[in-house]
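# what follows is a predicted structure for the sequence shown.
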Amino acid sequence: MATIKPRLLLALMETQATGGRRARLCAALREAVRSGQAVLGERLPSSRHLAQDLGLSRVTVEAAYAQLETEGYLRRQVGQGSFVAIDMNTTAPRKTDGPLRLAGAVGARPGLSARGQRMVETGGCHEPERPRAFVAGSPDLQAFPTGLWRQLLQRRLRQDAASLMFYGDPQGLPALREAIARYLGLSRGVRCHAGQVLVLTSSQQALQLLSATLLDDGDAVWMEDPGYAGARTAFSASGARLVDMPLDDEGATLDAARPAPRMIYLTPSHQFPTGRAMSLARRLAFIAHARATGAWLIEDDYDSEFLYDHQPTPALQGLDDLGQVVYIGTFSKSLFPSVRLAYMVLPEALIGPLVTARTIYDGHPSQPMQAVAADFMDQGHFAAHLRLMRQLYRSRRDALLQALHSHVPWATPMDSRGGLQMAVRLPEGSEQACTRQAAGLGVATPSLSELYHTAPAVAGWRLGFAALTPDAIDAAARALGRISAHGQYRG
Ligand SMILES: Cc1ncc(COP(=O)(O)O)c(C=O)c1O
């Protein structure tokens, strides 16, 4: 049997970018065996020769050989030398006392599960780009009181570092759950106690967790059409059958002839993306239908903090007596997106199962962030911040309405009562051409029509405004004013 050439080991050592000499020689020896360049039974050069040839000390080579012997790659026999002890290429079964082998025939390549494939086919979820006109969905991060947040964090780390740095309650930090329950009771008419609150990293995680725990393959999920892509993605990835509900003036329409729902997903306070609120009569009808059919009702109250002209309608959850409504809220817009804190308010029957299921995902969000969010709420900063942001965003909403009116009269706001973005309707058939021209002018104009599925698509845009100054809003609207209603560049 031949002896492995020092040249081969030298070449393989040179491909190892990191580590000391011994580590690189070990890696070279492993690679020689793994790649089949050194085969079972082949002799290694003596440590003295290899040390000379590679310009290494003999101690280094001895140490590398000893390491690989421990790992099972080499066999060393006193007086005879060192030999490769693994057969990477054979398909013959291994004898109990024979060398280690990578045994067995080569079968089909491993791949994704059907569930994994479905998840990938959805294309995934895409968070908003950094704020610029008119990217949708961004709060104004310049206006966030980062100094105060830092102080609260420092104080917490001074006082509670030991407990905050350890694992936390999978349901969420009790102080934060208390603060959320209080806030939701006072501001949103949600009827709950802290024991029903489950703290998560995002609404998206809530949707994913609900899909995994409440939906089986083929279950019907009723969705608003147009509706929130993140929810569609989570439900369809789980194998559910999506059933579209077109909208009318009162919100999503209810048609008992549709396949019986296992789940109904609604954004009743501020419909995504049109911005309309669902009428009380329609809310009651949905609750009655959920009761009659045994469906879960998911209320995504994603940006109810930002209604500008009047108080938001109280949450639908407050009307539910049978415990079939799951309420979802997020701090992504009301604090900042990377805080990664959101929550669900669960009916009593779901608390145990969902907290257990949650532990399989990721345990809990960052403890220090939860603690700071709890202090921020308890000390009144959250309410003050929201008041300030409502004023700021209201003035930006007004600036956008004014700028559209002056420069882009062919873009008609659908509903501008709240939110961080405004859906506008464009002349029929003009969305693509107008969007192309807008992109050429450096203005992002997220599509409205792509959020429609079976309902006839409305040509339009979702214009994000909350993170833009009035000047930036006006400049971008002026740029859009160079486009005609049918998407021609007018110069
Ligand atoms: C309807 C709706 N729900 C939830 C979210 C986002 O929440 P999160 O960042 O917590 O996933 C958005 C963001 O635009 C939304 O439009």
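Nice, thanks for sending it over.

# skip the chain neighbours and tell me the closest residue to the closest residue to the ligand within the stretch 51-200 of the chain.
Here the stretch 51-200 of the chain gets closest to the ligand at one residue, Gly137, 4.2 Å apart by C-beta to the nearest ligand atom. For the C-beta atoms, the positions are set from N, CA and C on the backbone; glycine is no exception. Distances taken as C-beta to C-beta, 6 or more residues apart in numbering place Pro128 nearest to Gly137, at 4.0 Å, with adjacent residues excluded.

# sorry, back to before: for the residue of the stretch 51-200 of the chain closest to the ligand, the count of nearby residues, please.
Neighbours of Gly137 under the rule other C-beta atoms under 10 Å: 22.

# the one 10 residues further on too?
By the measure other C-beta under 10 Å, the count of residues near Gly147 is 8.

# can you list the weak-confidence ranges in the stretch 351-491 of the chain?
Within the stretch 351-491 of the chain, not a single segment meets pLDDT under 70.

# can you map out the helices along it?
Assigned by DSSP state H, counting those that start in this stretch, the stretch 351-491 of the chain shows helices spanning 367-378, 381-407, 431-440, 470-480.

# for the ligand, find the nearest of those.
It is, among the helices of the stretch 351-491 of the chain and with distance given as C-beta to the nearest ligand atom, helix 367-378, at 13.3 Å.

# for the ligand, what are the nearby residues on the stretch 51-200 of the chain?
Counting by C-beta under 6 Å from any ligand atom, the residues of the stretch 51-200 of the chain lying close to the ligand are Gly137.

# which residue ranges of the stretch 51-200 of the chain form helices?
58-71, 114-121, 146-164, 174-188.

# in which helix or strand would I find Tyr265?
Using DSSP states H and E, Tyr265 sits in strand 263-266.

# hey, C-alpha coordinates of that strand in CSV?
Provided in CSV are the C-alpha atoms of strand 263-266 (Å, rounded to 0.1, in the frame of the first residue of the first chain):
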residue,chain,number,x,y,z
MET,A,263,-60.7,30.4,11.1
ILE,A,264,-61.7,33.9,10.1
TYR,A,265,-59.0,36.5,9.9
LEU,A,266,-60.1,40.2,10.2
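
# model confidence over it, on average?
If you average the pLDDT over strand 263-266, you get 98.

# picking up where we left off before, test for you: state the pLDDT assigned to the residue of the stretch 51-200 of the chain closest to the ligand.
Model confidence at Gly137, given as pLDDT, is 89.

# show me what contacts it?
Residues near Gly137 by C-beta atoms under 8 Å, 6 or more residues apart in numbering: Glu127, Pro128, Lys333, Leu420, Gln421, Gly464.

# next, count neighbours for the third one.
As a burial measure, Lys333 scores 19 neighbours (other C-beta under 10 Å).

# now do the end-to-end distance for stretch 427-445.
15 Å (C-alpha to C-alpha, to the nearest Å).

# quick one, domains of this protein?
6-101, 143-379, 384-480 (automatic domain parsing).

# make CSV out of those domains and add distance to Gly123.
Converted to CSV, the domains of the chain look like this (distance: least, C-beta to C-beta, whole Å):
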stretch, distance to Gly123
domain 6-101, 35
domain 143-379, 8
domain 384-480, 12
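
# may I have the phi/psi pair for Gly323?
Torsion angles at Gly323 (phi, psi; degrees, to the nearest 10) stand at phi 70, psi 40.

# and the residue located most distally from the centre of the chain, what's its pLDDT?
In the chain, counting by C-alpha atoms, centre = their mean, Gly79 sits farthest out from the average C-alpha position, at 60.9 Å. With respect to pLDDT, Gly79 scores 91.

# now swap in the one 5 residues further on and tell me
The predicted local confidence for Val84 comes out at a pLDDT of 95.

# give me the phi and psi for Gly19.
phi 100, psi 160.

# show me the contacts for it.
Contacts of Gly19 (C-beta under 8 Å, 6+ apart): Ala27.

# if I look at Arg291, how far off is Leu468?
Separation of Arg291 from Leu468 (C-beta to C-beta, to the nearest Å) stands at 44 Å.

# swap in Leu420?
From Leu420 to Leu468 the distance is 10 Å (C-beta to C-beta).

# returning to that earlier point: so which of the domains of the chain gets nearest Gln117?
Closest to Gln117 of those is domain 143-379 (C-beta to C-beta; 9.7 Å).

# near the ligand, which residues of the stretch 201-350 of the chain show up?
Residues of the stretch 201-350 of the chain lying close to the ligand by C-beta under 6 Å from any ligand atom are 202-204, 228, 230, 267, 272, 300, 302, 330, 332, 337, 342.

# rerun at 8 Å
Counting by C-beta under 8 Å from any ligand atom, the positions of the stretch 201-350 of the chain adjacent to the ligand are 201-207, 228, 230-231, 267, 272-273, 300, 302-303, 328, 330-333, 337, 342.

# got the residues of the stretch 351-491 of the chain near the ligand?
Leu420.

# who has more neighbours out of Arg291 and Leu468?
Applying other C-beta under 10 Å to Arg291 and Leu468 shows that Leu468 carries more neighbours, namely 23 against 14.

# give the contact list for the nearest residue to the more buried one once chain neighbours are set aside.
Nearest non-adjacent residue to Leu468, counting by C-beta to C-beta, 6+ apart: Ala133, 5.6 Å away. Contacts for Ala133 (C-beta under 8 Å, 6+ apart) come out as Val443, Ala444, Gly464, Leu468, Ala472, Ile473, Ala475, Ala476.

# likewise for Cys26?
Taking C-beta under 8 Å, 6+ apart as the test, what Cys26 contacts is Ala64, Gln67, Leu68.

# again with Val326
If you count contacts by C-beta under 8 Å, 6+ apart, Val326 has them with Leu210, Trp296, Leu297, Ile298, Glu299, Met344, Val345, Leu346, Pro347, Leu350.

# distance of it from Gln196?
From Val326 across to Gln196, the span is 10 Å (C-beta to C-beta).

# any residues in contact with both of the two?
Val345, Leu346, Pro347.

# which one of the residues you listed is nearest Asp375?
Asp375 lies nearest to Val345 out of the shared contacts of Val326 and Gln196, by C-beta to C-beta, at 21.2 Å.

# hey, what's the closest one bridged with?
Val197, Tyr327 (DSSP bridges).

# right, and it touches Arg188 too?
No. Checked against C-beta atoms under 8 Å, the pair Val345 and Arg188 is beyond contact range at 9.5 Å.
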